[in-house]
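Enquirer: Build me a model:
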Amino acid sequence: MQIFVENVTTASMFREISSVRRKVFENEWLKKIPPLTLETTGTAWHLVARTAELGLPVAALSVVETTADHSLHRRYALHFPDNARVARLTQLAVLTSFRGLGIPRQLISEAIQRVVQPQNFDFTWLLFDASRAESCTLVADFDYSASPYVLQTEYGLCRVLTRDERRSHGREIGANLWMTEPKIQEPTLPL
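Expert: Numbers count the residues shown, from 1 in each chain. A predicted model of the protein is given here:
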């Protein structure tokens, strides 16, 4: 099955990805996630994956700039160098019947090409299921690093994955991204 990815640019397209996310997060996972908005200020970018045959939306991913959100970074035990531009990949959702087709990998690759690189972000990060974080495709194929901490998040028990985007552009490297003493929340929900 052929899948193609588009930038979300209209309210109608944003409603489509919101519907995909409701089906995955609320109906399937029974999780309430923070709402995102269709931004025009250049702080959030959204992608939708569609089937080539019918053009139906089957997956979504958002990239949200978190550069100045120090409290969010502290919550997830992250530390970035001063003046670094930081973006979070978030709310990746794939409808059940379209899983196993490599859509998350395709969406993340497109997000890096369409948003991260053109916007000159220095680091990207995301939350990932704690039990699979070290062996996931993002670590193996995209050079993400898994944090040493397991945190209770809106998605359940997760580890943070980070990527130094400067490596692929030959810029300065070597930042210590993990805080030495994070405030780790006690798990309250099973995955």
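Enquirer: Now for Gly42, which secondary structure element holds it?
Expert: If you go by DSSP states H and E, Gly42 is not part of any helix or strand.
Enquirer: What residues does it make contact with?
Expert: For Gly42, the contact set (CB atoms under 8 Å, 6 or more residues apart in numbering) comprises 65, 119. (Glycine included, C-beta is placed from N, CA and C.)
Enquirer: Just the pLDDT at it, thanks.
Expert: On the pLDDT scale, Gly42 is placed at 82.
Enquirer: swap in Arg159?
Expert: 94.
Enquirer: any idea what sits nearest it, other than its immediate chain neighbours?
Expert: Ala133 (4.0 Å; CB to CB, 6 or more residues apart in numbering).
Enquirer: check contacts around that neighbour.
Expert: Contacts of Ala133 by CB under 8 Å, 6+ apart are 139, 146-147, 158-159, 161.
Enquirer: next one: Leu161
Expert: 125-128, 133, 136, 138-139, 144-147.
Enquirer: Please tell me I have it right and Arg50 contacts Phe4.
Expert: Yes: between Arg50 and Phe4 there is a contact at 5.7 Å, judged by CB atoms under 8 Å.
Enquirer: between those two, who's got more neighbours?
Expert: Remark: of Arg50 and Phe4, Arg50 carries more neighbours, 18 against 12, as counted by other CB atoms under 10 Å.
Enquirer: Look up which residues are beta-bridged to that one.
Expert: Phe4, Pro57 (DSSP bridges).
Enquirer: Residue ranges in this structure under the pLDDT threshold?
Expert: 40, 168-191 (pLDDT under 70).
Enquirer: Which parts of it are strands?
Expert: For the chain, strands defined by DSSP state E occupy the ranges 3-7, 44-51, 57-65, 86-94, 123-129, 145-146, 151-153, 156-164.
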